[in-house]
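> based on what follows, work out the 3D shape:
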Amino acid sequence: MEATKPSVGGVALGVEVQAALDRMAALLRPVGAASVILDDALGRVAAIDIVARLNAPPFPVAAMDGYALRWSDAGAPLPCTGAIKAGDTVGARLSPGTCLRIFTGAPIPSGADTVVIQELTEQVDGRIVLLPGAEPYRHIRTAGSNFETGQSIVRAGRRLNARDIGLLASSGHLHARVYSRPRVAVLSMGDELSDSLSPGGGAQIIDANRPTLKALVRAWGGIPIDLGIVRDDPDTLARILSTVDVDLLVTSGGASVGDFDFMGQTLAGLGFKAAFHKVQMRPAKATLFGTLGSLPILGLPGNACAATIAALIFLKPAIALLGGAGRQDAVREWAVLGSAIAAVGPRTTFLRGRLDREAGGCLSFTALPSQDNAMLSGLAGADAVVVRPPSAPAARTGDSVEIVRFDTVAGF
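Coordinates of the predicted model:
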């Protein structure tokens, strides 16, 4: 008789990375929306399609400094009867057989159909003569050529950057409707942890996970809420899990199989519905996700490197989904190996390493000699992880591999 696989919340242990991401994505929705002033809209995600409230330009304007004229008059020297600059009143008229000096952004006078740039003109006996190269019907921006009233200028789901803010302002908006930032609570578990070095306190492990995770939550668009260190006490943990009011709870530690790793059993006792408990990845196998009532919970390993890699793979897309940006899994690209790497076991394996640029321009990845999950200094000095599929064979120098670059991930 085949042994029953262990489970938490009715879900068998150990799913593939992609399946775990799919299960998580199915349970997360945007947390809400609000209208904010443009000064507060940078980095927020548009909750609706935003349309222009005006035409830009609102009337035909000159695209260059030069002379406004009728092209039908271009064959003869033209008297210049005035000048128009940006900001002048709309409505100037161009008399037949004349031209007007005009500057970039100025309203085109009625009757003009061409602006000839000043470099293609000269004055002869007080009149403007066009030089070879002048072309008809040029250098006029028509009304609405930038955008028109009612035209969609920002699509829902777009994370607003400075260019978008400028576009919204120029189209008549003082506010933008954006998704709310998800409130993400962070806690660490373990009697061995401390926030700071205490003299005479015996053996201590400084908690690096909460500072790291809070920084990543902030960089990825969430609002971090620090729940501190929770000691190895199931009752205390249960009380926190039952009362916390946030959009996502992220824990680190306590999710493995040690005698004092209480997370799984405490969650099960409270009615936690697991989407997965443990992922077939290395590091960070001890990663779980599910819901306790309406509260999504992402449990990460206690080891600093494992927790940080798991955050890259799971926390970033979770915050994107809650923040309305849609699914944004870690982006992979190709590099060549700068040195050989060994075969990997049955789990998707993430190896930390450094990047260089080959003479031909392609990226070269060299794995760090130590992949110890407790060595945060190695992760801090790495540029990327190579992603090796389950049971991938050894790879030689020059082989192509998939990587996730850290410099393309905000805050990482």
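
> going forward, measure contacts between C-alpha atoms and count neighbours the same way
Noted.

> do I have it right that Val246 meets Arg181?
No - between Val246 and Arg181 there is no contact under C-alpha atoms under 8 Å: 11.1 Å.

> more neighbours: these two, which one.
Neighbours around Val246 and Arg181, counted as other C-alpha atoms under 10 Å, are more numerous at Arg181. The numbers are 26 against 16.

> distance of that one relative to Ile313?
In this view, Arg181 and Ile313 are 20 Å apart by C-alpha to C-alpha, to the nearest Å.

> the domain parsing of the chain - what is it?
According to automatic domain parsing, the chain comprises the domains 7-32+181-322, 34-51+155-179, 61-141, 333-408.

> Thr149 is nearest to which of the ones you listed?
domain 34-51+155-179 (7.3 Å; C-alpha to C-alpha).

> report the distance from the closest one to the chain centre.
Here domain 34-51+155-179 is found 15 Å from its chain centre; the criterion is C-alpha atoms, centre = their mean, to the nearest Å.

> same question, stretch 79-98
The chain centre lies 48 Å from the centre of stretch 79-98; the measure is C-alpha atoms, centre = their mean.

> where are the low-confidence patches of the stretch 251-400 of the chain?
255-261 (pLDDT under 70).

> which residue ranges of it form strands?
273-279, 281-282, 288-292, 295-300, 333-337, 348-357, 363-367, 384-388, 400-405 (DSSP state E, counting those that start in this stretch).

> what about the strands in the stretch 1-150 of the chain?
All strands of the stretch 1-150 of the chain, identified by DSSP E, counting those that start in this stretch, fall at 7-8, 11-15, 33-37, 50-51, 61-62, 66-69, 78-84, 99-102, 114-117, 121-124, 127-130, 140-141.

> in the third one, what's buried?
Along strand 33-37, the positions that meet the burial threshold by neighbour count (16 or more other C-alpha atoms under 10 Å) are Ala33, Ser35, Val36.

> out of these, who's nearest Gly269?
Ala33 (33.6 Å).

> who are the contact partners of that closest one?
Taking C-alpha atoms under 8 Å, 6 or more residues apart in numbering, we find Ala33 in contact with Ala47, Arg177, Val178, Tyr179, Ser180.

> of all the strands of the stretch 251-400 of the chain, which lies closest to Thr114?
Ranking these by distance to Thr114, with C-alpha to C-alpha as the measure, places strand 333-337 first at 49.2 Å.

> keeping just the C-alphas, turn that closest one into PDB.
Output in PDB follows, covering the C-alpha atoms of strand 333-337 (Å, rounded to 0.1, in the frame of the first residue of the first chain):
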ATOM      1  CA  GLU A 333      16.700  36.200 -20.000                       C
ATOM      2  CA  TRP A 334      19.600  34.300 -21.500                       C
ATOM      3  CA  ALA A 335      23.300  34.400 -20.700                       C
ATOM      4  CA  VAL A 336      26.300  32.100 -21.300                       C
ATOM      5  CA  LEU A 337      28.200  30.400 -18.500                       C
END
